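*Asks:* Turn this into a model:
(one chain, ligands or ions: 2)
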Amino acid sequence: MATDLHRPVTAPVDDRPAAVRVQGLTRSFDGRRVIDDFELTVRPGEFVALLGRSGCGKSALLKILAGLDREIEGTVLVPRRKATAFQAPRLMPWKKVWRNVLLGLPGRPEREVAEQVLAEVGLENRADAWPKTLSGGEAQRASLARALVREPDLLLLAEPFGALDALTRLKAQRLVGEVWQRRGCAVLLVTHDVEEAVPLADRVLVMEGGVIAHEVQVGLDRPRGLADPEFAALRTELLDLLGVETPTATGRAA
Ligand SMILES: Nc1ncnc2c1ncn2[C@@H]1O[C@H](COP(=O)(O)OP(=O)(O)O)[C@@H](O)[C@H]1O
Ligand SMILES: [Mg+2]
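*Replies:* Ligands and ions are numbered 1, 2, ... in the order given. Predicted structure coming up:
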């Protein structure tokens, strides 16, 4: 068992070190290999979406990358500066938004630090709000702010838009795209939903049987429109790879 979770990566990919390097990663539960000799490299600044059916091991992988699970075999190299935004925003109800953003940061950061990052996600006027008064989209943005305040080189996103209504989801996606382009951090977005994966990713991976079974480069220009025929074709291809039936090339999956 060799876990080097917090050591800086030394092996270069282009001129900078990789943001994520996973080699021979295996994780078993009750003798069953949920992650099985898994390999993954993410370049610095790259946006990678990891897709897979429910139960294929996405969350298990994310926990390992986030450093929350070390019962593994293999090598996992991630940046020291990394942050995770989970699907459920997980805000502490008894702390105002700005205090939630600073929660767990070392030292005694000033309120101003939280305000800056809240402004970056468009929540500057909600700093003093209680979490229960936030809309779903606002809570998700607060959660993103809490990740960004750590100035991550690697941002791990777990199904970040899944619980949002269609319009809020589009806005949140756009925001994540802007933040990513501005900050230049690597992003690994983990989801079961093709609609979450395609709009933003440079590369989409499909996890199956404990490994990456398929890999698709997304060559489309940004911003990407749902109406773009190439976008629709890619979506259909990915749904196919996931084993989801598509009635027509542009129709929604059943
Ligand atoms: N802590 C755990 N103990 C036992 N089994 C687990 C644990 N975590 C995950 N699993 C199992 O590993 C498999 C993958 O789970 P998970 O990573 O949550 O899937 P996904 O996020 O892709 O839906 C599932 O069969 C799940 O039951
Ligand atoms: Mg999951």
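*Asks:* in the stretch 151-254 of the chain, which spans are strands?
*Replies:* For the stretch 151-254 of the chain, applying DSSP state E, counting those that start in this stretch gives strands covering 154-158, 186-191, 203-208, 211-217.
*Asks:* can you redo the ones you listed as a markdown table with mean pLDDT and mean neighbour count?
*Replies:* Where C-beta positions appear, they are placed from N, C-alpha and C, glycine not excepted. Listed next are the strands of the stretch 151-254 of the chain as a markdown table, based on pLDDT from 0 to 100; neighbours: other CB atoms under 10 Å:
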| stretch | mean pLDDT | mean neighbour count |
| --- | --- | --- |
| strand 154-158 | 95 | 23 |
| strand 186-191 | 96 | 25 |
| strand 203-208 | 97 | 20 |
| strand 211-217 | 96 | 15 |
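*Asks:* okay, those in JSON lines with distance to residue 166 next?
*Replies:* Formatted as JSON lines, the strands of the stretch 151-254 of the chain follow (distance: least, CB to CB, whole Å):
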{"stretch": "strand 154-158", "distance to residue 166": "19"}
{"stretch": "strand 186-191", "distance to residue 166": "16"}
{"stretch": "strand 203-208", "distance to residue 166": "21"}
{"stretch": "strand 211-217", "distance to residue 166": "24"}
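*Asks:* For residue 132, which of these is the nearest?
*Replies:* strand 154-158 (21.9 Å; CB to CB).
*Asks:* angle of that closest one against strand 186-191?
*Replies:* Here strand 154-158 points in a direction 10 degrees away from that of strand 186-191 (axes from the mean of the first three to the mean of the last three CA atoms, to 10 degrees).
*Asks:* Run through who's touching strand 154-158.
*Replies:* Strand 154-158 has contacts (CB atoms under 8 Å, 6 or more residues apart in numbering) with 19-20, 42, 58-59, 62, 65-66, 78-79, 81-87, 147-148, 176, 180, 185-191.
*Asks:* Keep only these that also lie close to ligand 2.
*Replies:* Residues of those in contact with ligand 2 (CB under 5 Å from the ion): 58-59.
*Asks:* ok, of the contacts of strand 154-158, which come out buried?
*Replies:* 19-20, 42, 58-59, 62, 65-66, 78-79, 82-87, 147-148, 176, 180, 185-191 (16 or more other CB atoms under 10 Å).
*Asks:* mind checking how far the residue nearest to the spatial centre of the chain is from residue 218?
*Replies:* Centroid check for the chain by CA atoms, centre = their mean gives residue 157 as the closest residue, at 2.1 Å. For residue 157, the distance to residue 218 (CB to CB, to the nearest Å) stands at 16 Å.
*Asks:* Same check on residue 82?
*Replies:* Distance from residue 82 to residue 218, by CB to CB: 23 Å.
*Asks:* try residue 228
*Replies:* For residue 228 relative to residue 218 (CB to CB), the value is 11 Å.
*Asks:* what's the answer for residue 114, then?
*Replies:* 34 Å.
*Asks:* Quick check on these two: which one has the bigger neighbour count.
*Replies:* residue 114 (25 against 20; other CB atoms under 10 Å).
*Asks:* Pull the contacting residues for the more buried one.
*Replies:* 97-99, 101-102, 127, 145, 149.
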